[in-house]
Structures are given as structure tokens and as C-alpha cells.
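A.B. asks: have a look; sequence and predicted model below, questions after that.
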Amino acid sequence: MKFLIASIPAAGHLNPLLSVASLLEESGHEVAVQVNEDLRPAVEAAGHRFLAEIPNAQTSAGYYLETYPERMQMSPGMEMTGHALVHFFARNIAAQSASLKMALYDFQADLILADSIYWGTLPMLVGPRDKRPAIAHLGVSVVNIGSGKNIPMRPDETPEQREAELQLREHFILQPAQQAVNAALASLGCPALPCPILEAMTELPDLYLHPGIESFEYPNSNSKVRYIGALPTPAGQPTLPEWWQRLDRTKRLVLITQGTIANRDLGQVIAPALVALGGREDVTIIVTTGGQPAESIPVAIPSNARIASFLPYAQIMPEIDLLITNGGYGTVNTAISHGIPVISAGLTEDKEEVSAHVQWSGAGIDLRTNQATPEAIRHAVNEIFTQPGYRKRAQQLSLEFASHDVEAELISLIKECVRETVSA
């Protein structure tokens, strides 16, 4: 079979798809990957065929940030998210759709697999069924991210606060995104969406694969969602730094990261965590800057800290005792799959909802902020180290991850999807 993989231009979205690409190729299938030119090196480093988007597609995150500098003045959370949904995701539909059609002309795929926030498949999904191949989407964050669907009330939340938050979500996210997507579809001669946009990626495709576990998600009755456990790490991972082998294994290892997207200001999580834990004799701090120089950390580096630009998570996670993060889904998922409790502080992109899931699942603490303080981090670390329930819950969830045979389940579900499409 032939599989066309498509991703938005973000490493956290592309990397899971590259893992799937490797599994498909190892099973004897032919794979091509289409993404913005900025990520061509990542695709080719993983050994896959790269397909370019249409000329002058302008789908890169850099183009979006340069075109809309006002985004940086917006409040983290709903306002910033809503702006991105309209001016990045919806705006890219036309270019992504045209790029897919161009790719299919030469590479006649049996199935298109795209990440869960790639909206370039929507023109095909709302169009005639017999005019397209099978389409599946792969979750890269919590299910139905941003939709507000199935979100349970927080213990400290009043009905009035709940209603106010729902109204804000409708104003900043749901209504503008729905209008922008329907306008983009109309410009291409397509009908409007038959469902809310932030539920469309689980409702409309033929299959929705989720590389996670059901117990980390709010209850959801969507029959198209299939949980497959943790994906293997894609090829081309960084090497271990030379200091890794010299670490004192009698001390707790605390990993701190702000990922590769929301890491322009390392004073949000990394710096306050260094201040909070610097000098603790029972802790070694491991920091990954996600490509930013160590000099961009706006505090002095304590003697018990080690800094790296990138780290091979698959190799280090079995020895990590605690993750402190701004809520990147992939990193949180990886930590919990290894039974590691999490402290999360983030409000941008999908991070507010990922952090909320961390708290709801019982595997960690949501600091409910985009700017953590040393005091809040210190308190949360002490709570996790002294209250064994967090680690116990993370370990329970790791057993659910281990119950999945991700390769067998993924290949079987994809093949079944293609068969059903052909028979239909």
C-alpha cells in the first residue's frame, strides 16, 4: 500500500508521524511525507521520501509569526489560540489542500495520514467520498483539543465561573474558527462543515488514531477514536551528552523543559525551576532548552544542574524521577508512559488543556499559569516527593501504555480502514 503523510510545520506534530512512517515502511509499505520545506531535513534524516508543498505555500510558523506580530501582545490562552486557529490553521487550508492534490497526482496513495490539527484534508472530507482516498488523522495532543467538549468541572470551580469560561471559549475560539474554516471551504467551492471545527478531526476522517491511553483523556464516546499507546521514537535522535554517564544516580533526577515551540522565553518555567531546585543536595536538575542557547536562560546555572540543547528522551526517561514542563503533549505522554509524575505550567498552544489533563488524571500538578514562580514550583516538587499518590498514579497509567502493542494495532487499524474504504 501507499501512504501519504502530511503535517503542519511543527516538530512536535511531525515526529509522531515520522514514527508511523517508519512502522509502515518496516511492514513493506511505501510512504511519502509532505510538510513545509523548513522540516525537509527532519524528514530526510529519518530516511523518508520528502514531498514539497505547492510553490509559495507560506505555511510555515515563521511566516505566521512575522506576518502577525500583534500575536505576541495577546494574552496567553484563549485569545492567542483563537488568533492562531484563524490566521494560521484556517488560512493554510487552501495551500495545504492544493499541496495534497499535487502530491496525489504523482503519488497515488491508498490513505492520507495527517496530524490532528492539519486542516488541509477538510476540503476532501466534506466533498464526495468517492473522489478521495481513505483519510486518517493522528492525535498530537489531547482529543478534541480546544473544543471544550467533555471538560469536567474543576474542584474549585463554581457554576458561574464555568459558564463564563464557556462563553469566553465561544467568543475567542469556537465562533471565529468555525467562521474562518467555513469561509476557506467556501472559497474552494466546498460545503460548510457539518460539525464544530474542533471536533471535526475526530468526527470526519475514516479513522482517528490516538498515540496515548484512554485513562488520560476525558470520557469520550466517539467511536472513531482508537487508542494505540506510545509510538516508538523516530530515527535521528540526539546523542547523550558526555556528562550523562557521570551523574550521581543516588540523587533524584528532575527533567525540565519548555519544548521546542513556547521556548522563546526560558524565564517562564526553566529559570524559576532552576531557582527553586538550585542547591538541593538530593536533586540533579536536567535541562533541555529545545534548541535555544544556554545563555538565554535568564538566571545563573546552579552547580547541581546540567544543560543540553536536546536530549534523547527514549534513553533518559527510564531514569527520570520528575518532569517539570510547560505542557507539551508529546513530552508529557512520554513521561507518563514511563511512570514519571509531572508538574506542568503552560497556557499557550495546547498546553493549558494538557496541563489540566495532568491534574485530572492524578499523575501530577497543574500550576495553572504561563509564568511559574520558584515558590510554586518548590511547593509542587515537595508535594510530589512527599505524597506517593502521584507517582503511583503515573505508574498505573504506564501499565495501560504497556498493554498496547502499538505497531500491531496501528498497522491493523490502517489496513482495515483502507479495506473498508475500497469496499465502500
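C.D. replies: Happy to help now that I have it.
A.B. asks: in the stretch 251-400 of the chain, what residue spans correspond to strands?
C.D. replies: Using DSSP state E, counting those that start in this stretch, the strands of the stretch 251-400 of the chain run over residues 252-257, 283-288, 305-308, 322-325, 342-344, 364-366.
A.B. asks: and the ones you listed as CSV, adding mean pLDDT?
C.D. replies: As requested, the strands of the stretch 251-400 of the chain are arranged in CSV below (pLDDT from 0 to 100):
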stretch, mean pLDDT
strand 252-257, 97
strand 283-288, 97
strand 305-308, 97
strand 322-325, 98
strand 342-344, 98
strand 364-366, 97
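A.B. asks: most packed of those?
C.D. replies: Compared across those, strand 342-344 shows the largest average neighbour count, a mean of 29 (mean count of other CB atoms under 10 Å). Using the backbone N, CA and C atoms, a C-beta is placed for each residue, glycine as well.
A.B. asks: quick one: distance of it to the chain centre.
C.D. replies: Relative to its parent chain, strand 342-344 has a centroid offset of 15 Å by CA atoms, centre = their mean, to the nearest Å.
A.B. asks: partners of it, with directions?
C.D. replies: If you go by DSSP bridges, strand 342-344 pairs up with strand 322-325 (parallel), strand 364-366 (parallel).
A.B. asks: got JSON lines for the ones you listed, with distance to Leu111 too?
C.D. replies: What follows is the strands paired with strand 342-344, written out as JSON lines (distance: least, CB to CB, whole Å):
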{"stretch": "strand 322-325", "distance to Leu111": "33"}
{"stretch": "strand 364-366", "distance to Leu111": "36"}
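A.B. asks: follow-up on the earlier one: switch the strands of the stretch 251-400 of the chain over to CSV; also include distance to Gln178.
C.D. replies: Converted to CSV, those look like this (distance: least, CB to CB, whole Å):
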stretch, distance to Gln178
strand 252-257, 33
strand 283-288, 37
strand 305-308, 42
strand 322-325, 31
strand 342-344, 29
strand 364-366, 28
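A.B. asks: show me this protein divided up by domain.
C.D. replies: Domain ranges of the chain: 2-229+404-423, 244-402, per automatic domain parsing.
A.B. asks: and His210, its phi and psi?
C.D. replies: For His210, the backbone dihedrals are phi -120, psi 110 (criterion: degrees, to the nearest 10).
A.B. asks: which strand residues bridge it?
C.D. replies: Residues in beta-bridge contact with His210 (DSSP bridges): Tyr227.
A.B. asks: I'd guessed it sits against Leu231; true?
C.D. replies: No: contact criterion CB atoms under 8 Å: His210 and Leu231 do not qualify, at 10.5 Å.
A.B. asks: hey, where'd the strands end up in the stretch 51-200 of the chain?
C.D. replies: Ranges of strands in the stretch 51-200 of the chain, per DSSP E, counting those that start in this stretch, are 111-115, 134-138.
A.B. asks: tell me which of the ones you listed sits nearest to Ala402.
C.D. replies: Set against Ala402 and scored by CB to CB, those come closest in strand 134-138, at 20.4 Å.
A.B. asks: which strands or helices does the closest one pack on?
C.D. replies: Secondary-structure packing of strand 134-138 (3 or more CB pairs under 8 Å, 6 or more residues apart in numbering; DSSP states H and E): helix 11-26, strand 111-115, strand 207-210, helix 406-423.
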